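Asks: Below: sequence and its predicted model.
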Protein chains: 2
Amino acid sequence: MNKDVRIALDAMGGDHGPSVVLNAAAIALVRRPDVEFILFGDEKAIAPLLTAYPALARKSRIVHCEVAVKMTDKPSQALRFGRRASSMWLAIDAVKRGEADCAVSAGNTGALMAMAKICLRTMAQIERPAIAAMWPTLRGESIVLDVGATIGADAEHLVDLAIMGAAMARIVFDIDSPTVGLLNVGVEEIKGIEEVKAAGRVLRETALPHMRYHGFVEGDDLGKGTVDVIVTEGFAGNIALKTAEGTAKQIGQYLRDALNHSWASRLGYCLARDAFRALREKMNPARVNGGVFVGLDGVVIKSHGGADAESYAGAIEVGYEMVRQELLGKIREMIAQANEARAPAATATAPAP
Amino acid sequence: MNKDVRIALDAMGGDHGPSVVLNAAAIALVRRPDVEFILFGDEKAIAPLLTAYPALARKSRIVHCEVAVKMTDKPSQALRFGRRASSMWLAIDAVKRGEADCAVSAGNTGALMAMAKICLRTMAQIERPAIAAMWPTLRGESIVLDVGATIGADAEHLVDLAIMGAAMARIVFDIDSPTVGLLNVGVEEIKGIEEVKAAGRVLRETALPHMRYHGFVEGDDLGKGTVDVIVTEGFAGNIALKTAEGTAKQIGQYLRDALNHSWASRLGYCLARDAFRALREKMNPARVNGGVFVGLDGVVIKSHGGADAESYAGAIEVGYEMVRQELLGKIREMIAQANEARAPAATATAPAP
């Protein structure tokens, strides 16, 4: 029997605070009985809520924290003002100290990434961390990274992103060799930014294990689900993510307006209500919840700030899977394989002495 | 009475060729009687079609061209192989030679931009051209540029884009001072790429006439219509555009699947059919047709390749308006004002001798 997965929860993060976090933990515990929780936050707020979940209470302990990072705090504020007393910092720090296997927070993304970087530091041979998002597609889901941890990327960082995304995809999609595409403004090899072209050459030529390099993909391939993993630097990735969320909301509004237009359309809506409920579910940006911070020496999961208990439970389960299936080990293994694969090439092109 | 606006049409461009182009020209002529056309393309294909539109025939002349640039041609191919005999080149060249006031083509975007740059060249004091797209929003429409003419942008180019977008917005929205936002990964002034921050400082400090600088906007502001003009460099702009198109298609597919799910949903669909027709119209990416090439010494309009006659007529009318309302003159005037506004600042910060 495996040891329990120990999950540190920032109980104060998110728009709804501890009530949703505890409800989510209780849901996750039913589905994954081999899990235990450390709940970081205001004990006076958490303890009374916890009495409603006796099974959860048996597998949890509360660590009281004086400070809660606000959703509106700038990362710099969160880092300056009492950061080491905050539930967000202490949840991450539990991972650092080996008391938890991963941390989950629905708090401010910028603050969470800034603290995770300082506390956990980046993995050996990885220069910068990234945020990997699950993207709903017509084929199911894809992983898109980086959606905004850092801005700009050289070819080396894009290759690291490909490796980290593929390692995560092996776990999430349970496949040995996920397909990987580089986001670009055209699919021909001559198109796009130099860094993207250079990363494409490396991925094509080294043919790394546990990954099938597909080539360049464009913005509309995100929704199509053309590949399992889409790699992009964080500026374009963040803009793509928010543009898609905005477009989904926009079309949702058009749909509501259209269906309110006449008595016939309102009656039609009533008849097709179940269909629209399913559609709303699919269009919900929080549906596939749980952004994974990759490239750090520890597993940190970001839940949507507005996530409900069901959706937040999904983020906890993402964390559980990343620990159980050894995300960090898979990334380290693939980075080592990449270095091996590229070493002979480097030797071959070295100038003669 | 004003002189007619003379429009050069690349009759061979687009997925449907001359039949749609002529039908579109006939539609546009009904709405804008003060227009005349030069039809560039295969005379044997165009002449028989033109007999069906006697009013159009009276206001058109055909210029036979030996070559048609294919939708699949790479820009480099289109430029190498017989480019000066192609309908695309000759339509642009008519603008250059003063025989037409603007050119419209539904052909290959890359080839059209490459030819337009070589033939017309960039305006004085503008370093690089851009493609400005009309973006449907919850408030109506916005102008987004650059959606893919060039990659990367320094602060200077971003300021040029703001000016050119504002000049176009004055015409399209018929307002004196459109609002302008810079696309970024956060709205705080400290966030994002250096170039974007520097452009923000210039726009805030110079407070140019005919434009109200709003600040940074994010990907989801595109669909909201937060500002009249959204400025971004071409890589992120192209990815945002294609991501939005892809998301709209994805949700359209979800909607079809949902409505086909049960007899009740199918009946509901029948009742709400008119509502869905209106929705489909709103979600059609070709609805607001007519990408404007800005920054060139001449007006060139790109129609969607798959545009139908109604939609292509929209692109022709965009060209008409840009000529009638003097897009080039407005851009030149605003560039001059910007140089004036910035001159004292430059002097003030010059080091003492």
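Replies: Nice, thanks for sending it over.
Asks: As a check, name the ranges of all strands in the stretch 1-150 of chain A.
Replies: A:5-10, A:35-41, A:60-64, A:102-105, A:130-137, A:140-145 (DSSP state E, counting those that start in this stretch).
Asks: Deepest-packed of those strands, please.
Replies: Most buried of the strands of the stretch 1-150 of chain A, by mean neighbour count (mean count of other Cβ atoms under 10 Å in any protein chain shown): strand A:102-105, with a mean of 30. The C-beta positions use only the backbone N, C-alpha and C, and glycine is treated the same way.
Asks: returning to what we had before: out of the strands of the stretch 1-150 of chain A, which gets nearest to B:P136?
Replies: Closest to B:P136 of the strands of the stretch 1-150 of chain A is strand A:130-137 (Cβ to Cβ; 22.0 Å).
Asks: close to chain B, is that closest one?
Replies: Yes. Residues of strand A:130-137 are located near chain B by Cβ under 8 Å from any Cβ of the partner chain, namely A:P136, A:T137.
Asks: Tell me how far that strand lies from the chain's centre.
Replies: Averaging C-alpha positions (Cα atoms, centre = their mean, to the nearest Å) puts strand A:130-137 6 Å from its chain's average.
Asks: Give the pairing partners of it; include direction for each.
Replies: strand A:140-145 (antiparallel), strand A:291-294 (antiparallel) (DSSP bridges).
Asks: re earlier: can you redo the strands of the stretch 1-150 of chain A as a markdown table with mean pLDDT?
Replies: Listed next are these as a markdown table, based on pLDDT from 0 to 100:
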| stretch | mean pLDDT |
| --- | --- |
| strand A:5-10 | 98 |
| strand A:35-41 | 97 |
| strand A:60-64 | 97 |
| strand A:102-105 | 97 |
| strand A:130-137 | 94 |
| strand A:140-145 | 94 |
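Asks: ok, so what distance separates A:A278 from chain B?
Replies: 5 Å (Cβ to the nearest Cβ, to the nearest Å).
Asks: Quick check, central residue of chain A?
Replies: In chain A, the C-alpha nearest the mean C-alpha coordinate belongs to A:G291, at 1.6 Å (Cα atoms, centre = their mean).
Asks: OK, contacts around it?
Replies: A:T109, A:I131, A:A132, A:A133, A:M134, A:V147, A:I301, A:K302, A:S303 (Cβ atoms under 8 Å, 6 or more residues apart in numbering or on different chains).
Asks: Give the closest residue to it in space, chain neighbours not counted.
Replies: Leaving aside its sequence neighbours, A:G291 sits nearest to A:K302 (Cβ to Cβ, 6 or more residues apart in numbering or on different chains; 4.1 Å).
Asks: Show the backbone phi and psi for the one you found.
Replies: When read as degrees, to the nearest 10, the backbone of A:K302 gives phi -100, psi 120.
Asks: partner residues bridging it?
Replies: Taking DSSP bridges as the rule, A:K302 bridges to A:S105, A:G291.
Asks: how close does it sit to A:R32?
Replies: Separation of A:K302 from A:R32 (Cβ to Cβ, to the nearest Å): 19 Å.
Asks: Name the residue in the two with the higher neighbour count.
Replies: Comparing A:K302 with A:R32 by neighbour count (other Cβ atoms under 10 Å in any protein chain shown), the higher total belongs to A:K302, at 26 against 17.
Asks: so that one makes contact with A:G110?
Replies: No. A:K302 is beyond contact range of A:G110, at 10.5 Å (criterion: Cβ atoms under 8 Å).
Asks: okay, the strands paired with strand A:130-137 in a markdown table with distance to A:V63 next?
Replies: Listed next are the strands paired with strand A:130-137 as a markdown table, based on distance: least, Cβ to Cβ, whole Å:
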| stretch | distance to A:V63 |
| --- | --- |
| strand A:140-145 | 31 |
| strand A:291-294 | 21 |
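Asks: low pLDDT regions in chain A?
Replies: Chain A contains residues with pLDDT under 70 at A:1, A:81-82, A:283-287, A:344-353.
Asks: ok, longest helix in it?
Replies: Among the segments of chain A that qualify as a helix by DSSP state H, the longest is helix A:234-259.
Asks: For that one, buried residues please.
Replies: Within helix A:234-259, the residues that qualify as buried are A:234-251, A:254-255, A:258-259, counting by 16 or more other Cβ atoms under 10 Å in any protein chain shown.
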